[in-house]
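>>> Predicted coordinates and the sequence they were generated for:
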Amino acid sequence: MEETQDVLGLGLSPGFKFDPDDDELVEQYLLRRILCQQLPLEGVICEDDPLSATPWELLKKHKREDDAFFFANGQTKHGKGNRLKRTCVGGCWEGQKPLVDGDRLRVPDIGTEITWKKYMLNFHSNGEKGSTGWVMHEYSITAPDDLASSSLRLYRIRLNGHGKNSKRERGDDGGAQERADEPDILEEHISAANSVFPAVEVVDIVDDEDLRQCKAGCDVVLI
């Protein structure tokens, strides 16, 4: 774990890095939090809304560097339906594709089988074209119904540095910025794949209204 996290008083060995695989995140952390059970490690996953700030400001707030995990409730658009809100202060999270959808996981502790989803999004700043290089993975449980009804999500937010407007911003004065003008390699691969395989409809993506707000540079105030 990085030195900036030692101040949390977790009692972890120097050099420890919290980097569980997807199954561990879903079974040991997301599922346990939904069931109100104790987590294997308390404090390594932050409690905060990913839509409350830009990703670099959010991680700075929690003394993280370029990679952090969060618990938060997904917010539906207009307070109803299944589509999740993706606009936030300073920009919007644009959906890319499900990385995992419907994978089954047997959980001996509760004697049942669950299915889960992992969805990838890229952050776009207001008034700028192209990704900033910040990526968010959203984990949710999709079955059985009693667990899938929970709005709780687990998010991993990190800087991959491949965006067209890749940047790391820290400091109240907006200094310490790192930018790269190279194309987003991941986005290019996704575009190439979409030209060969028909796109599938994903429910919780950013709609035209959100994109217009993001590109126009209009901040969306969370209520």
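Thanks, I have it. Please read these numbers as outputs of a predicted model, since none were measured by experiment.

>>> Please verify my assumption that D49 contacts A72.
Yes: in terms of C-beta atoms under 8 Å, D49 counts as a neighbour of A72; the distance is 5.0 Å. From N, CA and C alone the C-beta is placed, and that goes for glycine too.

>>> where do the strands sit along the protein?
For the chain, applying DSSP state E gives strands covering 46-47, 67-73, 87-88, 91-107, 112-125, 134-143, 152-159.

>>> which of those is buried the deepest?
Of all these, strand 87-88 carries the top mean neighbour count, a mean of 24, counting by mean count of other C-beta atoms under 10 Å.

>>> what pairs with that one, and is each one parallel or antiparallel?
strand 91-107 (antiparallel) (DSSP bridges).

>>> Now the partner strand: average pLDDT?
Averaging pLDDT along strand 91-107 yields 88.

>>> same check, this time on stretch 62-71
Stretch 62-71 comes out at a mean pLDDT of 94.

>>> Please name the bridge partners of the closest residue to H62 other than its chain neighbours.
Closest residue to H62 in three dimensions, ignoring its sequence neighbours and counting by C-beta to C-beta, 6 or more residues apart in numbering: C46, at 4.8 Å. Note on C46: beta-bridge partners by DSSP bridges are F70.

>>> what's the weakest-modelled helix or strand in the protein?
Every helix and strand of the chain was ranked by mean pLDDT, DSSP states H and E. The lowest is helix 185-196, at a mean of 44.

>>> who's in contact with R32?
Contact analysis of R32 by C-beta atoms under 8 Å, 6 or more residues apart in numbering lists 38-39.
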